[in-house]
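> Mind looking at a prediction? Sequence and model below.
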Amino acid sequence: MTTHSATEIEAAILRLAGERDSGKTICPSEAARAIAGNEGAAWGALMPDVRKIAVRLANEGRLVITRKGKPVDPNDFKGVYRLGLPRQD
C-alpha cells in the first residue's frame, strides 16, 4: 500500500478547489482520487486523511467546509461535506 504525505494531500485539495469558479466546491473524494487514482479502493483509504487535512486547513482559514451549501464548524460536522476556498470579498 502506498502512503501519501500530508503535503501531497493538502496540495491536491487546494489545487482542485482553486481550479473551481469562485463560490464552487469540490467533493473530498475528488482529492483522494486525484492522488490515488480511480481504480479500486485505494482512494477510499485516503478519505480519513483528506478529512483531517481539510479540517486543519479550515481551522487555518485556508479552506471552507460546507454542508448543504452552508459553512460548518470544521471541528463539529457530520455527513456529506464539500470543500471550497474562502471568499475573497
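Structure's in. What do you need?

> going forward, measure contacts and count neighbours with C-alpha atoms only.
OK.

> Pretty sure Ala36 sits against Met47.
No. Ala36 is not in contact with Met47 according to Cα atoms under 8 Å; the separation is 10.6 Å.

> quick one: average confidence on the lengthiest helix in the chain?
For the chain, the longest helix by residue count, based on DSSP state H, is helix 42-59. Throughout helix 42-59, pLDDT has a mean value of 95.

> Begin at 5 from now on, thanks
Okay, residue one is now 5; in that scheme the one you just asked about reads as helix 46-63.

> Number of residues surrounding the nearest residue to Arg71 once chain neighbours are set aside?
Spatial nearest neighbour of Arg71, excluding adjacent residues (Cα to Cα, 6 or more residues apart in numbering): Tyr85 at 4.8 Å. Look at Tyr85: counted by other Cα atoms under 10 Å, it has 19 neighbours.

> Buried residues in the longest helix of the chain, which are they?
46-47, 50-51, 53-55, 57-62 (16 or more other Cα atoms under 10 Å).
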